[in-house]
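A.B. asks: 3D, please:
(chains A, B, C and D)
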2 protein chains.
Amino acid sequence: MEERVKEIKQQLSAHSYKLTPQREATVRVLLENEQDHLSAEDVYLLVKEKAPEIGLATVYRTLELLSDLSIIHKLNFGDGVTRYEFRAEGAEHHHHHLICLHCGRVDEITDDWLGPIENRVQKEFDFQIIDHRLTFHGICHRCKDQVKDPKKAVSSKVT
Amino acid sequence: MEERVKEIKQQLSAHSYKLTPQREATVRVLLENEQDHLSAEDVYLLVKEKAPEIGLATVYRTLELLSDLSIIHKLNFGDGVTRYEFRAEGAEHHHHHLICLHCGRVDEITDDWLGPIENRVQKEFDFQIIDHRLTFHGICHRCKDQVKDPKKAVSSKVT
DNA sequence: AATCTAAATGATAAAAAATATCATTTGATA
DNA sequence: TATCAAATGATATTTTTTATCATTTAGATT
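C.D. replies: Purely as a prediction, here's the structure:
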C-alpha cells in the first residue's frame, strides 16, 4: 500500500505534478477499493469520510490527471457514469469485464485473451493497437438459476 | 430501403407499436446513415431537415424503443454521448470497432472474431453470454505515417 | 525561517446529455 | 364518425461533467 502510494508519487513527480494531500487521499481510496469500479461520485464520498474538506472538482481533476498519466483507466459500463480502475501493474493492456444483466455485478478476466485477435487486426486492417476494451454482457454464474430465458434479458441498456 | 422500413414496421407491429410518421422519419435517417455512428442529437438534426416539426424527446423515445426491440444497438465511444447503430441483420452479436486515437475515425470489423474466446468465458467463468462489445484503440492505416510515437498517443479519453 | 510564485484547491456556475412531465394531438378500431 | 389509448411536442428537471475564479498551498529561493 505504502509502496504503491510512493510509486504513484514518483510517477507524478516525473511529470512535475505534486502528490498533494487531496491527491493522496484520492489515491488511497482507489487503492483501498481496487476491486471495485468506482465512479467519481463514489470516490468523492469515500474520500470525504477521511478528508471532509475535499471538493468534488478536485476529485474529478485528480481522476483526470491519473488517467492522463495512465495510472488509472476510465471505464464505461453503459450506466451513464464514468468509472475508474487501476491499470494492472506491468500489464500491457486493459483486462476484460463480464457484466451480468440480471444482478449488475461486474466480474473480471485479468488475463489478456486478445493476443491472436490483435495480431489479426494489425495485419488485416493495418491498425496499430494501443489499447482495447472487451466486455461481455450476459448472465453470471450466481444468477443462472434465477433466469429461465436468458435471451429475453434486457440488453437495451447495454452500450 | 423500402423493404427494410417495411420489416421494421412489422417488428414494431409485432409488439403493438405503431410506425408513426415521426418514427418512420427517424428510421429512414438511420438507414440512410447506416455506416455512421449517429448520436441522438445527430439523428434529431437530420430528421428535422425532412420533418421539421419533430421534437427531440420523440427522437430519444424512438431510439430507445428501437433499442429495446434490438433493432438498433447503443454504442459508447467514450465521448460522453450515446451513439446508435443498426444491428447487423441476422448476426448473433454485435460487431467490433477500431477507433483511431489520432483522427477519431471509427472503422468496423463486421465479422465476429470472438467465438473461441466466448467459449472459454462460458466454460471457465460459467457465464452465459448474450452480447459483447470489443473496441480497439490505436492508430489507423490513414494516420500511421503522421504519428511517430504511437505509444504517446493520448489514450486518457478512452473509456 | 520568511518570502515568493506557479500550481492546486474549493465553491459554484455552466454546459451537456438524457429523462420526466403533462397538456395536446393522432391513429387505429369500433 | 366517435372513442381512447398511444404518441407527440414543448419544456422542466435531473444527472454528470467541465469551466470559472478567487483563495490557498506546496515547494523553491532567498
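
A.B. asks: can we go C-alpha only for contacts and neighbour counts from here?
C.D. replies: Will do.

A.B. asks: The helix or strand A:Asp42 falls within close to DNA strand D?
C.D. replies: For A:Asp42, the element it lies in under DSSP states H and E is helix A:40-50. Yes. Applying C-alpha under 7 Å from any atom of the strand, one finds helix A:40-50 touching DNA strand D at A:40-41.

A.B. asks: Contacts for that helix next, please.
C.D. replies: A:25-26, A:29-30, A:54-56, A:59-60, A:63, A:82-84 (C-alpha atoms under 8 Å, 6 or more residues apart in numbering or on different chains).

A.B. asks: and what of stretch A:57-64?
C.D. replies: Contacts of stretch A:57-64 (C-alpha under 8 Å, 6+ apart): A:22-23, A:26, A:40, A:43-44, A:72, A:84, B:156.

A.B. asks: which SS class is the nearest residue to A:Asp36 once chain neighbours are set aside?
C.D. replies: Distances taken as C-alpha to C-alpha, 6 or more residues apart in numbering or on different chains put A:Glu85 closest to A:Asp36, at 7.6 Å, once the chain neighbours are dropped. Following DSSP: H, G, I helix; E, B strand; the rest coil, A:Glu85 is assigned to strand.

A.B. asks: how close does A:Glu85 sit to B:Val5?
C.D. replies: 42 Å (C-alpha to C-alpha, to the nearest Å).

A.B. asks: So between the two, which is more surrounded?
C.D. replies: Ranked by neighbour count (other C-alpha atoms under 10 Å in any protein chain shown), A:Glu85 and B:Val5 place A:Glu85 first, with 21 against 16.

A.B. asks: For that one, give the beta-bridge partners.
C.D. replies: A:His73 (DSSP bridges).

A.B. asks: In contact with it, which residues?
C.D. replies: A:30, A:34, A:36-38, A:72-75.

A.B. asks: ok, those residues vs B:Lys9, which is closest?
C.D. replies: Nearest to B:Lys9 among the contacts of A:Glu85: A:Leu75, at 35.8 Å, using C-alpha to C-alpha.

A.B. asks: do the helix or strand containing that closest one and DNA strand C meet?
C.D. replies: Remark: A:Leu75 resides in strand A:72-76, with elements defined by DSSP H and E. No. Using C-alpha under 7 Å from any atom of the strand, strand A:72-76 stays clear of DNA strand C, coming no nearer than 12.1 Å.

A.B. asks: hmm, that strand touching DNA strand D?
C.D. replies: No. Counting by C-alpha under 7 Å from any atom of the strand, no contacts exist between strand A:72-76 and DNA strand D, the nearest distance being 8.3 Å.

A.B. asks: Alpha carbons of that strand, as PDB, please.
C.D. replies: C-alpha atoms of strand A:72-76 as PDB (Å, rounded to 0.1, in the frame of the first residue of the first chain):
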ATOM      1  CA  ILE A  72      -5.800   4.500 -13.800                       C
ATOM      2  CA  HIS A  73      -8.200   3.700 -16.600                       C
ATOM      3  CA  LYS A  74     -11.600   5.100 -17.400                       C
ATOM      4  CA  LEU A  75     -14.400   2.500 -17.800                       C
ATOM      5  CA  ASN A  76     -17.900   2.800 -19.100                       C
END
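
A.B. asks: which strands and helices sit next to that strand?
C.D. replies: Judged by 3 or more C-alpha pairs under 8 Å, 6 or more residues apart in numbering or on different chains; DSSP states H and E, the packing partners of strand A:72-76 are helix A:56-68, strand A:82-86.

A.B. asks: from the chain's centre, how far out does the last one sit?
C.D. replies: Here strand A:82-86 shows a centroid-to-chain-centroid distance of 3 Å under the convention C-alpha atoms, centre = their mean, to the nearest Å.

A.B. asks: Downstream of it, the next helix or strand is which one?
C.D. replies: strand A:96-100.
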